[in-house]
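> Whatever this is, show me its structure:
(one chain, ligands or ions: 2)
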Amino acid sequence: MIEVSNVSKTYGHKKNAFTALKDINFTIEDGASVAIIGKSGSGKSTLMHAMSGLDRPQTGQVIIDGQNILELKQKDVDKFRAQKIGFIFQSFFLQATETVSDNVSLPLEIAKVSKRARKAKITAALEAVDLSEKARNKAKDLSGGQKQRLVIARAIVNEPQIIFADEPTGNLDSATGEKIEELLFGYNKNNGVTLIIVTHDPDLAAKCDVQIHIRDGQVSSIKGDKAVVKTPKPIQVKKVQ
Ligand SMILES: Nc1ncnc2c1ncn2[C@@H]1O[C@H](COP(=O)(O)OP(=O)(O)OP(=O)(O)O)[C@@H](O)[C@H]1O
Ligand SMILES: [Mg+2]
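Ligands and ions are numbered 1, 2, ... in the order given. Modelled structure (predicted):
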């Protein structure tokens, strides 16, 4: 379960202060697929960063598996992330001049997985995204869709409990985007991994169990049957048709 309670985030100080998240509250069940939707600048990425321990909001709690990650020291947050969370960023964040295999290896090295164990996991992750043939190629020589598949291999190689994906299909043509969606939802359904997707795409959002709408740093609505809004006022959670 992921419990987000009273999370607020302000960037900057004094007259430059900007509150990007205001008192966010919800709970997400394990294994759910969740879309975070909202206009540009509404606070989606800020929320994703707060929920995954990439950034610290000033107030509130983010409890994953009973652990309030905001209470952990930075190095323990980093370890928690490396063990439990996979990330897919729109801008890839690949090591361009490293090989495909070495890119996938990175989270395993951070999580201190032995070299021998790494090899088998890398092979399995590349097979899962149908990229085994490119294992020795440099990341920069892949096509856009292949890069996105590599990003997914890197996100799943640690067998995470949660995957965060920021606009995972934003840069792709619709056929390639559909393949990426299939991979992500397949992983969510078959492995019970919680999938949290930031997206502008209403069709993609509709495929998720839960839709969380963000407006001006606040939750404006939550729909779906695998999330609840806790405070300030519990609202009736509607079932998705
Ligand atoms: N480091 C920062 N310093 C100051 N303000 C910031 C910072 N990061 C984000 N913001 C502001 O916080 C608000 C929310 O930003 P965020 O990146 O979360 O939006 P978003 O919903 O992800 O938008 P997009 O769809 O364009 O990616 C925006 O108004 C943005 O300008
Ligand atoms: Mg964003």
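> Low-confidence ranges, the chain, go.
Along the chain, the parts satisfying pLDDT under 70 run over 90, 227-241.
> quick one: the helices in it?
Taking DSSP state H, the helices of the chain run over residues 44-51, 74-84, 100-110, 115-128, 144-156, 174-191, 202-206.
> could I get those helices as JSON lines with mean neighbour count?
In short, each C-beta sits where N, CA and C put it, glycine included. Output for these, formatted as JSON lines (neighbours: other Cβ atoms under 10 Å):
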{"stretch": "helix 44-51", "mean neighbour count": "22"}
{"stretch": "helix 74-84", "mean neighbour count": "16"}
{"stretch": "helix 100-110", "mean neighbour count": "21"}
{"stretch": "helix 115-128", "mean neighbour count": "15"}
{"stretch": "helix 144-156", "mean neighbour count": "23"}
{"stretch": "helix 174-191", "mean neighbour count": "16"}
{"stretch": "helix 202-206", "mean neighbour count": "16"}
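> Who are the contact partners of the residue lying closest to residue 176 once chain neighbours are set aside?
Closest residue to residue 176 apart from its sequence neighbours, by Cβ to Cβ, 6 or more residues apart in numbering: residue 145 at 3.8 Å. By Cβ atoms under 8 Å, 6 or more residues apart in numbering, residue 145 lies in contact with 172, 173, 176, 179, 180.
> ok, of the residues you listed, which one's closest to ligand 1?
residue 172 (16.8 Å; Cβ to the nearest ligand atom).
> contacting residues for that closest one?
By Cβ under 8 Å, 6+ apart, the neighbours of residue 172 are 144, 145, 148, 180.
> how close does it get to residue 52?
Going from residue 172 to residue 52 by Cβ to Cβ, to the nearest Å gives 23 Å.
> Residue 91 now?
From residue 91 to residue 52 the distance is 16 Å (Cβ to Cβ).
> Name the residue in these two with the higher neighbour count.
residue 52 (23 against 10; other Cβ atoms under 10 Å).
> The more buried one - nearest residue in space that isn't next to it in sequence?
residue 164 (5.1 Å).
> Would you confirm that residue 7 contacts residue 24?
Yes - between residue 7 and residue 24 there is a contact under Cβ atoms under 8 Å: 4.3 Å.
> Show me which of these two is the more surrounded one.
residue 24 (25 against 22).
> interface residues of the chain facing ligand 1?
Residues of the chain lying close to ligand 1 (Cβ under 6 Å from any ligand atom) are 11, 12, 18, 20, 38, 40, 41, 42, 43, 44, 45, 46.
> quick one: the residue in the chain sticking out farthest from the centre from residue 43, how far?
Most distant residue from the mean C-alpha position of the chain: residue 15, 32.0 Å away (Cα atoms, centre = their mean). Plainly put, residue 15 is 20 Å away from residue 43 if you go by Cβ to Cβ.
> Also residue 143?
32 Å.
> Looking at the two now, which is surrounded by more residues?
residue 43 (23 against 11).
> so how many other residues sit close to the closest residue to the more buried one other than its chain neighbours?
Spatial nearest neighbour of residue 43, excluding adjacent residues (Cβ to Cβ, 6+ apart): residue 217 at 4.4 Å. By other Cβ under 10 Å, 21 other residues sit near residue 217.
> how far does stretch 2-22 stretch from start to finish?
End-to-end distance for stretch 2-22: 18 Å, by Cα to Cα, to the nearest Å.
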